[in-house]
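A.B. asks: okay, predicted coordinates and the sequence, questions at the end:
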Amino acid sequence: MLPYILRRFVNLIPVFIGATLLTFLIIQAAPGDFLDAKRLDPRTTPATIARIERQFGLDKPVFVQYGLWLKNFVTGNLGISFESNVPVWDLIGPKVFNSMILVFGSTFLLYFIAIPIGIYGAVRQYSLGDKTISLVSYFFLGFPSFFFALILIFGIIQLNWALNTKVFPVGGMTSEYYDTLSPIGKVLNVLWHTLAPMIALLLRSIASESRGFRAQMLEFLNQDFVRTARAKGLSERVVIYKHALRNAITPFVANIGGLLPAIFSGAGFVEVVFNWPGLTPVFLEALFSQDIYVNVSIGAITLVLLVIGNLMADFLLGAVDPRIRYY
Amino acid sequence: MKKAILATAALMLAGSAFGQTFVYPDAWSSSKPSEVKEGGVYRTSTISDYKTLNPFTAAESGNIPQVITDAGGMFAYDPSTGEYIPYMASSYTVSKDKLVWTMNLRKGMKWSDGKPIIADDFITAFKINTDEDVGANAYDGFFINDKPIKIKKIDADTIQAILPSVVADAIEVLAYSPAPTHVFGPVYAAKGAAGIKAMWTLNTPAEQIVSDGAFKFKSYKPGERAEFVANQYFGEWNKNSAGKSLPYLDGRTIAIVKDVTASLASYLNGDTDAFSPANADQLRQVKGAIDGGKLKAVLRANVGPAASSQWIVFNWNQKSNPSKQAMFRDDNFRRAMSHLTNRAAMVDLVYGGLAQPAYSSVYAAFTQWVSPDLKKFDYNVEAATALLAKAGFTKKNSDGYLVNKAGKVAEFDLTTNSGNNQREQLAKIFADEAKKAGVKVNFKPVDFNTLVTLLLSDGDDRKFDAILLGLSGGGRIYPLGDNVEPCGTNLHSFNKSGKCLAAWETQVTALFARGKQELDFKKRVAIAQQIQNVQSNYQAWDYLVSPNVHFSWTSNIKGEYPTALQTSINGPRNLETTWLQ
């Protein structure tokens, strides 16, 4: 086991260097740099541009810049954000935590809701309930989540106007009076704010995950070993949960590897639309302004987490499926 | 103008009556000093997130240090006249050669921690701002033509600035804000630039953040909101004409939103007190909510043009394509292009009617500065055809496009940044109209950064024909671009050969330099108008339209500027004199 883990970490090194170097080169290859907006300012002099270039080391060759970044990253320094002139971690740290609330919560709820729906659909195939769920699922699958989020906001405003009170907030993570609340009140206040973005995030992913899980379950429910189990006289509960489910869940466990970086990297456009103080808006802003170190550092952290996540998923697979072993 | 005179008179009277307090002129508010109430929190939103509390490293627009020094520095902008007036200085004198400025500091000014604001605070701010290793945003301002401004303390109440050469907008630089020496001084002495850069981050406790403005920092939640409370010491030296201490508000909250839709949503939901609709759609939403009784608010639509411009520029530096170079350098060709610019259609189709045609290098928002005698080549296909004939394009080919004697078709590529819907629409309208006169315009959008690289490229042979782009920003004392108007500057985008090619360019360059040194407001305006007249005659840039700005605020927010002072430059209100009903 230990040699296996070590081997995986040694493999990480070339992957890490290759991927980050590629990210670095791609960002550098894009035309212009973060100073372009400044260059268009009628009052910024060429001398200022040169001074800022010197300040951030942008006048050095790309590979020297990459070397410096790599050295700093290994020692835990993510570099400086050009745009805001603060260390990258100071910029993204608090945002990562905020994103986690949303992503962690919605991922947990996703599996908590999608798996039972999938099992129900498989066990009661073509029943009225299954057909209804299928119809609704296809409806939500057709919606991009950010668009659904906009519709939700419209609905919330109409609802608040109609009832002349604030039933749901239209965005943000906390209320203005947040600081005056008790600790429990604070948690509830954040949860209240998560409701709408969670719904926007969940409806679509529940639809797709439960469809996938239903198909997986059906595949195993129709196999010989399930028939044998039923023939042995095992109860239907044992057949479904011990025999079919345990097999059907394998690909979902394998996916857990991707969840770790996903939890880190933000909930996507829903954060922008619902004005959630998460990582996605920061990342997008950095992309637009070509704030290199913010982009490369977020990419690099995601990469390391992906490798660790996959490693964890491999072990979990071993736990779920005794046939899988690691040498 | 009458109001302005009254305001100045009130200022002088009040100045003698209250000794060293700064009295906010009644002309800056639509409320009478007797009707105001105190208390309450004013809530707004902003699009860009805050990144630091450090006044030296903050770079984003509307940053927290700017919010807490909102009232002004040594000088403050007077929205009623467009000039700077002494603010932290009680008075000032300028030497005969206009190079030595002596400012006498107002007495009794205090920081939010109760310590007095002293001459050393201005010296500290100057020293740190001009330390190259700090990399402050204000760094450039303290240099005139690469030569430094010198600022020194004469005595406890007097600061002297020595300019390397005469410039009118020096007052914008000298309007800088002080830095608390008792906070920054020891750190700067001990650890230098690195020590300063590490101070006042977003994690610094609010008690340590010292303010000289009406509000002081209270708290910040990353990506959510920043809160400010009234600075009680501000009221000791800032009063209204009835002697009441400012600000009236208890505090203000600025929510951080990620896009204008979220900003609109929070306004409609009653979470913020003010919103500036950015386009026709948002304006309709706000109006609908007000008309439907859902939102009790004031809507000021079409306040005036925004302080930005959209233009088409033609490349004069095309050595490898002499016929195109000659075409773009032909005055009549460029005048014809201006005649083919259907500004009315642009206003209606692109901005839903909420814009104004533009003709000048000075943003239309600077109403006092825009020349009344601009040469306008308004939409007129016949006039354009006649001018094109003068430029040598007399016949049409089998495709219906104009050709000259050498057989060259009147054709060029028009580039703008892809993804900017408004600019793409403007370019398409221009191309469609040009076709009516037989000019072939190939619309080729490119990525924004590529476009900037093209526009700013130097030399005799630049690789583009025409670019549609816009500019914003710039000074208020001399609202012409230092980097735009004179030959050889970075944004002199039609000719970047480094030298003047046309006689009128030389004339504009000389006029610009003269205006820059003119301290008299009226004379400076006259020179700026002369520059615009020359430029408009030769159509260096073909100006298109300026979108209008709109303001809206909830009905309980009072103390906005009188209607005449609400412009895109002044904004809707002065926060020091804003109050809640």
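C.D. replies: Cool, got the structure.
A.B. asks: just give the number of residues close to residue 79.
C.D. replies: By default, I'm working from chain A. Here the number of neighbours of residue A:79 (other C-beta atoms under 10 Å in any protein chain shown) works out to 21. In short, each C-beta sits where N, CA and C put it, glycine included.
A.B. asks: ah, I was thinking of chain B
C.D. replies: 21.
A.B. asks: again, but for residue A:135
C.D. replies: 9.
A.B. asks: measure residue B:446 to chain A for me?
C.D. replies: Taken as C-beta to the nearest C-beta, to the nearest Å, the spacing of residue B:446 relative to chain A amounts to 9 Å.
A.B. asks: show the contacting residues for that residue.
C.D. replies: The contact partners of residue B:446, taken as C-beta atoms under 8 Å, 6 or more residues apart in numbering or on different chains, are B:415-418, B:454.
A.B. asks: distance of it from residue B:419?
C.D. replies: The spacing between residue B:446 and residue B:419, counted by C-beta to C-beta, to the nearest Å, is 10 Å.
A.B. asks: and if you look at residue B:403?
C.D. replies: Shown here: residue B:403 relative to residue B:419, a distance of 35 Å by C-beta to C-beta.
A.B. asks: between the contacts of residue B:446, which is closest to residue A:91?
C.D. replies: Using C-beta to C-beta, residue B:417 comes nearest to residue A:91 of the contacts of residue B:446, at 26.5 Å.
A.B. asks: quick check: the closest one touching residue B:427?
C.D. replies: No. With contact defined as C-beta atoms under 8 Å, residue B:417 and residue B:427 do not form a contacting pair (10.2 Å).
A.B. asks: show residues contacting the least confident helix or strand in chain A by mean pLDDT.
C.D. replies: When the helices and strands of chain A are scored by mean pLDDT, DSSP states H and E, helix A:36-39 comes last with a mean of 72. When contacts are taken as C-beta under 8 Å, 6+ apart, the neighbours of helix A:36-39 outside the stretch itself are A:44, A:48-49, A:52, A:289-290, B:448-449, B:452-453, B:456, B:490.
A.B. asks: ditto for stretch B:160-174
C.D. replies: The set of residues that contact stretch B:160-174 without belonging to it, under C-beta under 8 Å, 6+ apart, is B:74-75, B:84, B:97-103, B:141-142, B:144-145, B:147-154, B:475-478, B:515-519, B:524.
A.B. asks: spatially nearest residue to the residue of the stretch 151-300 of chain A found nearest chain B (excluding sequence neighbours)?
C.D. replies: Distances from the stretch 151-300 of chain A to chain B, computed as C-beta to the nearest C-beta, single out residue A:277 as the nearest residue at 2.4 Å. When the adjacent residues along the chain are set aside, residue A:277 lies closest to residue B:223, with 2.4 Å between them (C-beta to C-beta, 6 or more residues apart in numbering or on different chains).
A.B. asks: could you do residue B:493 as well?
C.D. replies: Closest to residue B:493 by C-beta to C-beta, 6+ apart is residue B:313, at 4.8 Å.
A.B. asks: buried residues in the helix or strand hosting the one you found?
C.D. replies: Assessed by DSSP states H and E, residue B:313 sits inside strand B:308-314. For strand B:308-314, the neighbour count (16 or more other C-beta atoms under 10 Å in any protein chain shown) marks B:308-314 as buried.
A.B. asks: from these, which is closest to chain A?
C.D. replies: Each of these was scored against chain A by C-beta to the nearest C-beta, and residue B:309 proved nearest at 10.0 Å.
A.B. asks: pairing partners for that closest one in the sheet, please.
C.D. replies: According to DSSP bridges, the residues that bridge with residue B:309 are residue B:471.
A.B. asks: residue contacts, it?
C.D. replies: With contact taken as C-beta under 8 Å, 6+ apart, residue B:309 is in contact with B:358, B:361, B:363, B:470-472, B:543, B:546.
A.B. asks: how about those in CSV, adding neighbour count, distance to residue A:69 and pLDDT?
C.D. replies: Putting those into CSV (neighbours: other C-beta atoms under 10 Å in any protein chain shown; distance: C-beta to C-beta, whole Å; pLDDT from 0 to 100) gives the following:
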residue, neighbour count, distance to residue A:69, pLDDT
B:358, 27, 44, 93
B:361, 25, 42, 90
B:363, 24, 40, 91
B:470, 20, 34, 88
B:471, 21, 34, 84
B:472, 12, 33, 81
B:543, 25, 43, 95
B:546, 26, 43, 91
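A.B. asks: and which of the residues you listed is nearest chain A?
C.D. replies: Within the contacts of residue B:309, proximity to chain A (C-beta to the nearest C-beta) peaks at residue B:471, which comes in at 5.9 Å.
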